[in-house]
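Asker: Pasting the sequence and the predicted coordinates here, then a few questions.
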Amino acid sequence: MAGNFKNPIQLWQELKQRKVVRVFTVYIASAFAILEAVDIIFPRLGFPPWADTLVMILLASGLVIAIAFSWIFDITPEGIKKTEDLKEIKKEDIAPVDVEKSLVAQRDDELRANEQEQYARKINQYKKKEKIYSLSSLGVILAAVILFIFSSGSTVPFSKRDWIVITDFENLTDNPVFDKSLYTAFSLSINQSRFVNVFPKSRMFETMAMMNIKDQVHINEEIGLQIAEREGINTCIVPSISEVGDRYVITAKILETSSGNLLTSIILNADDQHDILKKLDKLSTRVRRNLGESRYNIALQDKPLAKVTTSSIEALKQYSLGLERHWFSDFKGAKTYYENALRIDSSFTTAKASLGTLLYERFDVEKGRELLSQAIKSIDNLTDKEKYPILAAHAISVENNIDKAIENTKILTRLYPDDPAFHNNLGWYYQSTEQYEEALTEYKKAVQINPGLGLTYSGILWIYDTYMGKPDSMMIWSEKMISDNPQNAGGYFHLGSAWFCKDSIKKAQQSYLKARELNPYLSMNLYRLAHTYRIQGLHKEAIRILETIIENNKYEIDVYSDIGINYQALGNQEEARKYYSRFKKIASERWLKEYPDVAASYTKIGTAHARLNDMDSTKLMLQKAIEVDSTAHYEFATLLCLMGKIPEAVEEIEKALENGYRNLTWLKMNPDLQIIQNDDRFRTLLDKYFY
């Protein structure tokens, strides 16, 4: 037999002869069926985790025994016999004995040729039969392997891209470091999946606000089930950690939302605190398998937590607290916690990127860029869901390449089509590059997934209002926003603008008043409410509204000019001049210093000169504005109106419209254009471009 093992062909023939291949094939197929049954049945019966391992050990041992017995013995009609070696198979085992006797007895050439032909035919038949057996065995083995890798292991009613709610970890230990940190790690691990959608923590807080659940930071099983039921999510995961002696027990209950019934549970043991993240990885894998995700997909989207986050649970807790503060718009608090996380683990890439983005947007642009550049160096360690947002942020803040940011965000929308944040971000990038139709498409996908995205709704409405001038679309989407977000002032604000565009000033006023009731600090709404009063001749009411803007924000500038306009309409020239002068002084000091390359800086200051009857300075401001940007036709028109040059002003409005200007609300509301509102040429332009 030693010689056979040196010759692969002879070894393969020996394996087939002894039916080892057939036994292996049947055993593997049976073992696969047993493992799938164990995967489904054991969790339902509450068997401990080691039971699965025991079955696998028994099956592996059985395979060795089965192969050994098939090599040595063969089952025949006469019973179990020892299998003969391949070299001992004689011709008489294939050809009939009488043919061999005939070959020996008769030596004439004709009979020998005939018998040799029969012998060759039988040999070929034997080889074909063995080839069929070999191919069949290989096919069965491949099928079993493919089924094992790609099959679903679902033990609960769950479909691809369904949503789950994960509650906070119930910390039954005395160690507070597990608060927040384990939820972040566990949800991050499951969030790698493209099969399962995890309901974000930020949306849980939004849902609790709508449910009037206040001051609830820890989301326990009861609240988690309530959130899931309100959002129409059928599955809720409730994890916990406890301590038994020197070891930790980590569990996850999978509950049916409507009944609260336990569908299955998973229990894992961690030897010590350093072992917990590894066990969370395994817990995530087990949950994903129970929800029906295949082993193949999990293997493709399963990076270890210690690699994608940090090996330090203390750093992870600080990062988790930073995320929570960020969700609540406590940017200073978020900054502090992110910095704490990096002090504990300076290689914590996600914390570095989160802090970098926050610094860039809120505190320190250069430091933010520096941190994002550092984070990029370790980007391949992260999950796709973390990697591409950081690449997009780096493209915007460091590379100044918005097209690259768009490409990275498009990848995210393809990988995770049910995440509204990625569609919202892509919409914003499109809007920034004046690709308004594309922006609307992404914004609408986002609010379809999460109707509670008031900011995204405002993006849709701002495009229809400011960049497209479509009051009918504004009306439809304002009402939809109000329906989905009744406590958000933005819906009523944009509804008021839609009514204003339709010349329904009273209805516009009512909508602006409702928006003010919901948010008395929304400056844009207060400005437009004041304009509705001004247009109706209610100048004292307009002044009172404008004065609240100053009370809310002392840095507002336009408010002084608007108050002056209303005082002038009341005939109080002294007060009017006081406010015009204040506006001119502040605007000159601030705008010309901060925005010297913007034409509107000069035209707005020019309007103050015009209202103060300083026409020489007005002309000078107009000339400077033209030098800065010769295409700012709308801004030129405002000054020309105040200079009494109506035909020239209308001509500039026409050029602005030809170049794409579509802010219908401001064309009708701007007090600088009040003089041409009834001009036939101006009305004709509005009819041409908007109606």
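Answerer: Ah, there it is. Numbering: from 1, shown residues only.
Asker: Leu268 in helix, strand or coil?
Answerer: Three-state assignment for Leu268 (DSSP: H, G, I helix; E, B strand; the rest coil): strand.
Asker: residue nearest the centroid of the protein?
Answerer: Of all residues in the chain, the one closest to the mean position by Cα atoms, centre = their mean is Asp419, 3.5 Å from it.
Asker: For it, which residues are in contact?
Answerer: Asp419 sits next to 197, 385, 412-413, 449 when contact means Cβ atoms under 8 Å, 6 or more residues apart in numbering. In this view, the C-beta of every residue, glycine as well, is placed from N, C-alpha and C.
Asker: Next, give phi and psi for it.
Answerer: phi -90, psi 110 (degrees, to the nearest 10).
Asker: And it, how far from Phe328?
Answerer: 21 Å (Cβ to Cβ, to the nearest Å).
Asker: Residue ranges in this structure under the pLDDT threshold?
Answerer: Within the chain, the segments meeting pLDDT under 70 span 1-26, 28-29, 32-33, 35-53, 66-67, 69-155, 301.
Asker: From the recorded domain assignment, give the ranges for it.
Answerer: What automatic domain parsing lists as the domains of the chain is 2-150, 163-305.
Asker: want to try TSV for the contacts of Asp419, with secondary structure, distance to Gly224 and neighbour count as columns?
Answerer: Below are the contacts of Asp419 laid out as TSV (DSSP: H, G, I helix; E, B strand; the rest coil; distance: Cβ to Cβ, whole Å; neighbours: other Cβ atoms under 10 Å):
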residue	secondary structure	distance to Gly224	neighbour count
Asn197	strand	16	20
Lys385	helix	22	19
Leu412	helix	27	22
Thr413	helix	28	18
Ile449	helix	20	19
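Asker: what ranges do the strands span in this structure?
Answerer: For the chain, the strands defined by DSSP state E cover 73-76, 79-82, 163-166, 170-171, 197-198, 235-244, 247-256, 262-270.
Asker: Out of those strands, which one sits most buried?
Answerer: Of all those, strand 163-166 carries the top mean neighbour count, a mean of 23, counting by mean count of other Cβ atoms under 10 Å.
Asker: And the closest residue to Glu229 other than its chain neighbours, how far from Gly232?
Answerer: Residue nearest to Glu229 in three dimensions, not counting chain neighbours: Thr257, with 5.3 Å by Cβ to Cβ, 6 or more residues apart in numbering. Counting by Cβ to Cβ, the separation of Thr257 from Gly232 is 9 Å.
Asker: more crowded one of the two?
Answerer: Neighbour count, other Cβ atoms under 10 Å: between Thr257 and Gly232, Thr257 has more, with 21 against 8.
Asker: Now for the more buried one: which residues touch it?
Answerer: Thr257 neighbours (Cβ under 8 Å, 6+ apart): 165, 225, 228-229, 233-236.
Asker: is it possible to export those residues to CSV including distance to Trp591?
Answerer: Compiled in CSV, these are given as follows (distance: Cβ to Cβ, whole Å):
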residue, distance to Trp591
Val165, 49
Leu225, 54
Ala228, 51
Glu229, 53
Ile233, 50
Asn234, 55
Thr235, 55
Cys236, 54
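Asker: Just the closest of those to Thr684, please.
Answerer: Nearest to Thr684 among the contacts of Thr257: Ile233, at 54.2 Å, using Cβ to Cβ.
Asker: for the closest residue to Phe348 other than its chain neighbours, what are its contacts?
Answerer: Excluding the flanking residues, the one nearest Phe348 by Cβ to Cβ, 6+ apart is Thr310, at 4.5 Å. By Cβ under 8 Å, 6+ apart, the contact set of Thr310 is 316, 319, 341, 344-345, 347-348, 351.
Asker: quick one: which of the residues you listed sit in helices?
Answerer: Of the positions in the contacts of Thr310, 316, 319, 341, 344, 351 sit in helices, assigned by DSSP state H.
Asker: Can you get me a residue count around the third one?
Answerer: Neighbouring residues of Ala341 were enumerated by other Cβ under 10 Å; the total is 28.
Asker: so how far is Ala542 from it?
Answerer: Counting by Cβ to Cβ - Ala341 and Ala542 are separated by 50 Å.
Asker: what's the spacing between the residue nearest to Glu229 and Cys236?
Answerer: Taken as Cβ to Cβ, the span from Thr257 to Cys236 is 5 Å.
Asker: what is in contact with these two at once?
Answerer: Joint contacts of Thr257 and Cys236 (Cβ under 8 Å, 6+ apart) are 165, 225, 228.
Asker: Next, count neighbours for the last one.
Answerer: Around Ala228 there are 26 other residues, counting by other Cβ under 10 Å.
Asker: Please tell me how far it sits from Asn197.
Answerer: For Ala228, the distance to Asn197 (Cβ to Cβ) stands at 12 Å.
Asker: rewinding a little: of the contacts of Thr310, buried ones?
Answerer: 316, 319, 341, 344-345, 348, 351 (16 or more other Cβ atoms under 10 Å).
Asker: circling back: got the strands of the chain as TSV, with distance to Arg577 columns?
Answerer: As requested, these are arranged in TSV below (distance: least, Cβ to Cβ, whole Å):
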stretch	distance to Arg577
strand 73-76	113
strand 79-82	116
strand 163-166	61
strand 170-171	66
strand 197-198	61
strand 235-244	66
strand 247-256	70
strand 262-270	75
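Asker: Ala649: which of the ones you listed is closest?
Answerer: Proximity to Ala649 (Cβ to Cβ) singles out strand 197-198 among the strands of the chain, at 53.9 Å.
Asker: tell me which strands and helices that closest one is in contact with?
Answerer: Where contact means 3 or more Cβ pairs under 8 Å, 6 or more residues apart in numbering; DSSP states H and E, strand 197-198 is packed against strand 163-166.
Asker: and the strand it packs on, which strands flank it?
Answerer: strand 197-198 (parallel), strand 235-244 (parallel) (DSSP bridges).
Asker: Indicate which one of the ones you listed is closest to Glu437.
Answerer: Evaluated over the strands paired with strand 163-166, closeness to Glu437 peaks at strand 197-198, with 27.2 Å, by Cβ to Cβ.
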